[in-house]
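J.: quick one: sequence and predicted model below, then my questions.
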Protein chains: 2
Amino acid sequence: MESSTFFMSLALNAARAVKGFTAPNPAVGAVIVRNGNVIATGATSPAGGDHAEVHAIRAAGDLCQGAEIYVTLEPCSHWGKTPPCADAIIRAGFAKVVIAMEDPNPLVSGKGSSRIREAGILVETGILSHEAQRLNEDFFYYITHKKPWITVKLAMTLDGRVADSTGSSKWITGPASRQFVHELRAKHTAIGVGRGTLESDDPQLNVRGVEGKNPIRIIFTSNEHAGESSWFRTHATEERSIMVIAKRGEQHVEVASDGVELWFTGTSDRKDSFERFLIMAGENQIDSLFIEGGSKLISTLLEMKAVHRFYLFYAPKIIAGGIEGLKIPESLPMNHPIELENPEWKQFDNDMMVTGLAKWQ
Amino acid sequence: MESSTFFMSLALNAARAVKGFTAPNPAVGAVIVRNGNVIATGATSPAGGDHAEVHAIRAAGDLCQGAEIYVTLEPCSHWGKTPPCADAIIRAGFAKVVIAMEDPNPLVSGKGSSRIREAGILVETGILSHEAQRLNEDFFYYITHKKPWITVKLAMTLDGRVADSTGSSKWITGPASRQFVHELRAKHTAIGVGRGTLESDDPQLNVRGVEGKNPIRIIFTSNEHAGESSWFRTHATEERSIMVIAKRGEQHVEVASDGVELWFTGTSDRKDSFERFLIMAGENQIDSLFIEGGSKLISTLLEMKAVHRFYLFYAPKIIAGGIEGLKIPESLPMNHPIELENPEWKQFDNDMMVTGLAKWQ
């Protein structure tokens, strides 16, 4: 590995460690290198706090003079809640700035790096840009579209079933897979399931067994009275909890007595309702949504081509019937499937996971 | 890796290289080591020829005196088509014999190693025994049950489909997966598909793109006139070709004018017919059968619990409908599935394969 790739991979690791905590900012990492040695690292603070570069510069102090800084995203050049990082970098006296990728926001893209370059500092870009893009794919999508990035996770048998004919689905995959799912939950702003899953699994929709913040909880239903005695409804005060209700009438929001926000989308059509939800979610700063089922909700998302990334887990077992995880009324032809772009396969004990971007034809 | 494990793994590699060529003998490998150096290797010859030990001993000559021999299966102690290997080992003057596993045939198990031990030679067993068992699992099953070992291979989308709603299945997986399937074909004595696959795919059922012998070709059908103009029927003289016909009447065999053997099982019940076929196949020295579809034939085998090992390939695509690869009329409960024992996952480019022993509940 070239040394610049190595230092950028350290910066990416620093960014990954704060992924899920940094909204409304992207997760960014920075590493400062002097004479070939790492002298400081930094990552974005939660909730509008300091950016990664500022943390690293503060830690390195005077040693920044003449050093190199590796940043996973182009330093900002504008005043937000904090001053521009480009200025902080120039003031610190770096000899070289290495940037994984330019800011994809067309309004600011390239501005930070030109400002640094104009100050006479060497700027290099495009080191591990694919990994940097992947890390904040949800954030980049959200700032462009003002709608949440949709991740779908399913745990299936080898024959593609998520439950048997009685509806039982506990547990398909093993503990190592399930722990990784909790890590994924922590990296998303919200987590959602359909009414069927609410009623059959009584899920907690929180992060357990790993470090991480609990996501906002969302149930998709056509009935605002669904799951009255469920864990979700009886624990709604612990974390922001939303029911998205596909029902004809006026689009409005009210709060139920148990604390659940009821988002009436105003239409009983599942697809229209989800489309309206996406806009409402965007307005509520929900930039990413982790959908864990059930198969009916996922079917709607497949029909809408609304999924951005899949995480599919397979346990080494076959039930040869029951409820299919991925099914739409009009199935796709074999030569025009949904493809998983850049698929990454990863084993968890005896289970296998594949993740990839959904490439819609 | 301990040196004994290392030398045994070399012997296993020698055995793997001849797997599929050694019927009616198991595929065995032998490695002779003197002063820590490999001085000769051997593997079973085809069709009743010399055993692995004899090849290695012949190659090492006088240097066997005081050396060690690593063998993947207990040396035989009886006269078959060739003299007992145990005697050849004793005569060669080895100081030590290392055996991966004892012969599982209860009639001879332990006899070869005791004879060698009684001659004053040090014998060690159980080195890489799991791998040695796996290599000849089909052979060991056949000599015990006199019926073929059944391997099922399926290539599926991530949602478990083998074809779209029009029946199209070409090609689900990529070239690397398909090449590995040809390697698997070469390691089986026979290859079989159902009538639907014969008619929709017109398969050649031979080994292409890799070294290996063509297996015996078998079609399962209820109609002896199926696929009259198919590649299978018009090339029946190139390789032994069999149609297994599930039809009421007398159980008998005849040869069609195109050279296809017609095995009438005498019953129209799919399961009874397959059961009778297994006995006929055993009598015909068909010790292993590689089933590549279609889903109807595989459904019958699942209902019969007749599958011994699965090879399931997944391409990173979703069609969300169409023909399911693994389906039976009465699906299994999630807590009593068919489990794949010791699952091994292997990536082929963007595809994933899992193989494991079918563990029936």
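T.: Received it, and whenever you're ready, just let me know what you need.

J.: name the element the residue nearest to the spatial centre of chain A belongs to?
T.: Computing the C-alpha centroid of chain A and ranking residues by C-alpha atoms, centre = their mean puts A:H188 first, at 4.3 Å. For A:H188, there is no host helix or strand (DSSP states H and E).

J.: do the same with the one 5 residues further on
T.: Per DSSP H and E: A:V193 is located in strand A:190-194.

J.: and that strand, which strands flank it?
T.: Paired with strand A:190-194 in the same sheet, following DSSP bridges, are strand A:216-221 (parallel), strand A:288-291 (parallel).

J.: that strand: which residues count as buried?
T.: For strand A:190-194, a neighbour-count test (16 or more other C-beta atoms under 10 Å in any protein chain shown) marks A:190-194 as buried. Using the backbone N, CA and C atoms, a C-beta is placed for each residue, glycine as well.

J.: next one: that strand to chain centre, how far?
T.: Centroid separation for strand A:190-194 versus its chain: 13 Å, with C-alpha atoms, centre = their mean, to the nearest Å.

J.: for it, give the mean pLDDT please.
T.: Across strand A:190-194, the average pLDDT comes to 97.

J.: contacts for it?
T.: Outside strand A:190-194, the residues within contact range by C-beta atoms under 8 Å, 6 or more residues apart in numbering or on different chains are A:148, A:185, A:201, A:203, A:205, A:215-221, A:242, A:244, A:281, A:286, A:288-294, A:296-297.

J.: export the lengthiest strand in chain A to CSV, keeping only CA atoms.
T.: Counting by DSSP state E, the longest strand found in chain A is strand A:338-348. Presented in CSV, the C-alpha positions along strand A:338-348 are these (Å, rounded to 0.1, in the frame of the first residue of the first chain):
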residue,chain,number,x,y,z
ILE,A,338,-32.2,-5.5,-10.2
GLU,A,339,-28.4,-5.8,-10.0
LEU,A,340,-26.3,-5.3,-6.9
GLU,A,341,-23.5,-3.0,-8.0
ASN,A,342,-20.1,-3.6,-6.5
PRO,A,343,-21.4,-6.5,-4.4
GLU,A,344,-19.4,-7.1,-1.2
TRP,A,345,-19.8,-10.5,0.4
LYS,A,346,-18.9,-11.1,4.0
GLN,A,347,-19.2,-14.1,6.2
PHE,A,348,-20.5,-14.0,9.7
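
J.: now that strand, how far from the chain's geometric center?
T.: 16 Å.

J.: enumerate the positions of it that are buried.
T.: In strand A:338-348, counting by 16+ other C-beta under 10 Å, buried: A:338-340, A:343, A:345, A:348.

J.: is it anywhere near chain B?
T.: Yes - Strand A:338-348 comes into contact with chain B (C-beta under 8 Å from any C-beta of the partner chain), by way of A:338-340, A:343, A:345, A:347.

J.: would you turn the strands paired with strand A:190-194 into JSON lines with mean pLDDT and distance to A:K19?
T.: Shown next, in JSON lines, are the strands paired with strand A:190-194 (pLDDT from 0 to 100; distance: least, C-beta to C-beta, whole Å):
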{"stretch": "strand A:216-221", "mean pLDDT": "98", "distance to A:K19": "16"}
{"stretch": "strand A:288-291", "mean pLDDT": "98", "distance to A:K19": "10"}
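
J.: present those strands as a markdown table; the columns should include mean neighbour count.
T.: Listed next are the strands paired with strand A:190-194 as a markdown table, based on neighbours: other C-beta atoms under 10 Å in any protein chain shown:
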| stretch | mean neighbour count |
| --- | --- |
| strand A:216-221 | 24 |
| strand A:288-291 | 25 |
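
J.: switch those strands over to JSON lines; also include distance to A:V307.
T.: Formatted as JSON lines, the strands paired with strand A:190-194 follow (distance: least, C-beta to C-beta, whole Å):
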{"stretch": "strand A:216-221", "distance to A:V307": "14"}
{"stretch": "strand A:288-291", "distance to A:V307": "8"}
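
J.: neighbouring contacts of whichever strand or helix holds A:F180?
T.: Secondary structure assigned from DSSP H and E places A:F180 in helix A:175-186. Outside helix A:175-186, the residues that touch it by C-beta under 8 Å, 6+ apart are A:20, A:151, A:153, A:155, A:171, A:191, A:205-215, A:290, A:292, A:311, A:313, A:315, A:348-349, A:351, A:353.

J.: how does it look with 6 Å?
T.: The contact list for helix A:175-186, computed with C-beta atoms under 6 Å, 6 or more residues apart in numbering or on different chains, reads A:20, A:191, A:207-210, A:212, A:215, A:290, A:313, A:348-349, A:351.

J.: ok, and the closest non-adjacent residue to A:R195?
T.: Counting by C-beta to C-beta, 6 or more residues apart in numbering or on different chains, A:R195 lies nearest to A:T221, which is 3.8 Å off, once chain neighbours are set aside.

J.: by proximity to chain B, which residue of the stretch 151-300 of chain A wins?
T.: In the stretch 151-300 of chain A, the residue that lies nearest chain B is A:G160 (2.7 Å; C-beta to the nearest C-beta).

J.: list the contacts for A:T173?
T.: A:155, A:313, A:315, A:351.

J.: no further questions, thank you.
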